[in-house]
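Novice: What follows is a predicted structure for the sequence shown.
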Amino acid sequence: MTRDISERKKAEEALREGEKTVRALLDGIPAAEILVDTQGTILASNRTFDRIYGGDGKPLVGRNVSDLIAPQEYEVSLAKVSEVLRTGQPVFFEDPQRGLWLEKGFYPILDEKGQVTKIACYGRDISERKRAEEARRESEKRYQLLADNLTDAIWTLDLNLRTTYVSPGLARLRGYRVEETMAQTLEEVLTPDSYAYAMRAFAEEMAEEMKESKDLSRSRTLELEYRCHDGSTLWAESKVTAVRDEKGQITGILGVSRNITERKKAEQELAQYQAHLEEMVRERAARIQELEQQRTGIEKMAATGVLAARIAHEINNPLAGIKGSFMLIQDAIPPDHPYHHYIGRIHAEINRIARIMRQMFELYRPSEDPPEDLAVDRMIEDIVALLKEECREGNVSFQADVPPVKFQAPSGLLRQVLFNILKNAVEASRSGGVVKISLEEREEGITIRVLDQGPGISEKIRPHIFKPFFTTKKSAQRGLGLGLAISKDIIESLGGSIDFQNLSGQGALFHIALPRRKKGKRNDRG
């Protein structure tokens with residue numbers, strides 16, 4: 001009988017070609033591949049497996065894998081095979097064997113009933129990858145050790161400004177654990193001013209990222225103030241750099257911070273010291289200017305006083321002769337003479353010239369009047385009475401609130417001061433005005449206040465008001481401008497002070513403060 005088996009032969013040839021193709025594929029795979037039954041008998045293997053495990057030259061197909069691999073490796077593989085048989089699912093694991101790291105995978109082959117009949121196994125050498133991973137871990141450990149022990153603190157943020165890493169150095173500085181610091185937001189870490197400053201800097205950095213010609217190595221140095229666990233703060237100089245991926249896109253922020261609290265304190269102390277020095281220089285310059293003005297004033301007063309004393313001396317002699325001669329003429333003119341009324345006028349003018357001469361002489365020759373027990377209230381009443389004529393002419397009145405006070409001072413000097421101040425107040429007040437006088441007695445002394453109802457003293461002339469020969473009076477009242485200068489000199493010689501202030505819409509208020517004299521101590525004029 002003859003049967004045509006061409007189709008079968010073709011199928012067998014195709015099968016053999018397929019097996020050759022599969023064999024070529026398996027042999028070309030660098031991983032070790034085998035097919036075993038459920039008992040571990042090798043049904044097929046590729047060239048890589050044969051090279052690794054076929055060292056004795058014997059055929060591997062038909063042998064059991066337990067004869068080829070080490071007991072420890074077999075125990076691990078057997079446990080994984082049992083798992084495949086039990087679950088019917090593939091298993092993958094890494095197994096260090098023969099000085100190598102192998103990545104293994106066991107795939108179950110199921111029959112039509114779903115039962116595992118064979119297992120395809122592969123093993124890939126991943127030693128290079130494991131060594132690279134180990135090297136990376138060692139590198140990370142070294143860098144971690146370095147970061148953990150650096151004096152400077154290292155931290156990183158993601159694009160949402162969440163902390164992704166912080167070195168223990170920064171946590172220790174702030175008095176927190178690393179875990180606590182990692183859980184804090186940037187707003188909780190920084191003081192409000194520093195947080196706002198950091199936000200502006202980060203926004204500028206992101207804006208810089210949008211530019212086409214961005215500098216990938218660009219970094220910023222920020223001085224930021226951090227909150228500490230105990231409520232205090234510390235300053236750190238932080239060098240901030242953008243973290244970029246391989247495409248140059250920003251993925252986070254890296255910061256390296258150094259504690260500069262002591263430096264900031266030193267800078268603050270230096271700034272305060274410089275400000276203090278500048279203030280001292282200004283005060284010293286003002287004091288020097290004041291002393292220079294005082295020296296100039298003293299020199300001017302001294303020169304003016306000498307000149308005034310000489311003029312007064314030269315005028316006093318002929319004035320005395322004129323006064324004596326006039327007294328003879330006065331006695332010789334009877335009251336019914338038609339020119340008798342000129343006698344009083346001439347007498348008043350001679351006395352006025354004599355007063356001016358005495359004032360001029362006071363600039364040079366200090367008074368040596370001894371202190372007396374004075375009734376200041378009575379003295380003021382007497383001076384008000386003396387100024388009755390001036391009050392009548394200017395339509396001005398006095399209002400005194402002066403309690404009875406006993407005070408020790410040179411009578412002539414104090415009277416001269418009060419006369420000058422009250423006379424000036426009358427002359428400065430408007431028609432119908434009231435000059436108010438008050439006296440306050442304290443343990444350390446007395447204060448006399450005189451308030452006129454004039455226009456006040458402008459800021460322009462305020463610095464000159466106590467200078468000799470300075471006056472703002474009109475021609476009819478104009479004197480030599482010595483009254484306030486002499487009054488100030490007298491008051492200061494008694495250890496007191498005189499000053500004034502403008503009261504809005506009320507006039508000028510003069511203050512005369514005099515201390516009580518201590519026993520055994522003289523307030524001599526210098």
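Specialist: Good, I have the coordinates. Numbering: from 1, shown residues only.
Novice: For the top helix by length along the chain, give the mean pLDDT please.
Specialist: Scanning the chain for the helix with the most residues, using DSSP state H, yields helix 261-332. Helix 261-332 carries an average pLDDT of 78.
Novice: and what of stretch 417-431?
Specialist: The model assigns stretch 417-431 a mean pLDDT of 89.
Novice: buried residues in it?
Specialist: Buried positions in stretch 417-431, judged by neighbour count with 16 or more other C-beta atoms under 10 Å: 417-429. Placement of C-beta: from N, CA and C, glycine included.
Novice: out of those, what pair is the most spread apart?
Specialist: 417 and 429 (18.9 Å; C-beta to C-beta).
Novice: All the helices of the stretch 351-500 of the chain, residue numbers only.
Specialist: Counting by DSSP state H, counting those that start in this stretch, the stretch 351-500 of the chain has helices at residues 376-386, 388-394, 411-428, 483-493.
Novice: Nearest approach to residue 499 belongs to which of those helices?
Specialist: helix 483-493 (9.3 Å).
Novice: Just name whatever secondary elements the closest one is in contact with.
Specialist: helix 341-362, helix 411-428, strand 497-503 (3 or more C-beta pairs under 8 Å, 6 or more residues apart in numbering; DSSP states H and E).
Novice: Pull the distance from that helix to the chain's centre.
Specialist: 48 Å (C-alpha atoms, centre = their mean, to the nearest Å).
Novice: re the thing from before, can I get the helices of the stretch 351-500 of the chain in CSV with distance to residue 243?
Specialist: Formatted as CSV, those follow (distance: least, C-beta to C-beta, whole Å):
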stretch, distance to residue 243
helix 376-386, 86
helix 388-394, 89
helix 411-428, 80
helix 483-493, 75
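Novice: quick one: which of the ones you listed is nearest residue 91?
Specialist: Comparing these by C-beta to C-beta, helix 483-493 comes nearest, at 109.6 Å.
Novice: List the buried residues of the closest one.
Specialist: 483, 484, 485, 486, 487, 488, 489, 490, 491, 493.
Novice: that older thread, what angle sits between the longest helix of the chain and helix 483-493?
Specialist: Helix 261-332 and helix 483-493 are oriented at 120 degrees to each other (axes from the mean of the first three to the mean of the last three C-alpha atoms, to 10 degrees).
Novice: ok so, going back, for residue 153, find the nearest of the helices of the stretch 351-500 of the chain.
Specialist: Checked against C-beta to C-beta, the stretch from those lying closest is helix 483-493, at 65.0 Å.
Novice: mean confidence for that closest one?
Specialist: 83.
Novice: what's the angle between it and strand 497-503?
Specialist: Using the same axes, to 10 degrees: helix 483-493 against strand 497-503 is 130 degrees.
Novice: from what I can see residue 243 touches residue 249, true?
Specialist: No: using C-beta atoms under 8 Å, residue 243 is not in contact with residue 249; the gap is 9.9 Å.
Novice: Looking at these two, which one has more neighbours?
Specialist: Using other C-beta atoms under 10 Å, the more surrounded residue of residue 243 and residue 249 is residue 243, with 15 against 11.
Novice: Quick check: what element follows the helix or strand containing the more buried one along the chain?
Specialist: For residue 243, the element it lies in under DSSP states H and E is strand 233-244. Downstream of strand 233-244, the first helix or strand assigned by DSSP H and E is strand 250-259.
Novice: ok, and the closest non-adjacent residue to residue 394?
Specialist: Leaving aside its chain neighbours, residue 394 sits nearest to residue 426 (5.9 Å; criterion: C-beta to C-beta, 6 or more residues apart in numbering).
Novice: do the same with residue 224
Specialist: residue 194 (4.3 Å).
Novice: Show me what the helix or strand containing that neighbour packs onto, helices and strands only.
Specialist: Assessed by DSSP H and E, residue 194 sits inside helix 192-209. Packing partners of helix 192-209 (3+ C-beta pairs under 8 Å, 6+ apart): helix 186-189, strand 219-227, strand 233-244, strand 250-259.
Novice: Tell me which residue is most central in this protein.
Specialist: The centroid of the chain falls nearest to residue 268 when counting by C-alpha atoms, centre = their mean (8.2 Å).
Novice: and of the helices and strands packed on helix 192-209, who's closest to residue 497?
Specialist: If we rank these by C-beta to C-beta, the stretch that ends up nearest is strand 233-244, at 48.1 Å.
Novice: Starting from the closest one, tell me which strands it pairs with and how they run.
Specialist: Strand pairing for strand 233-244, determined by DSSP bridges: strand 219-227 (antiparallel), strand 250-259 (antiparallel).
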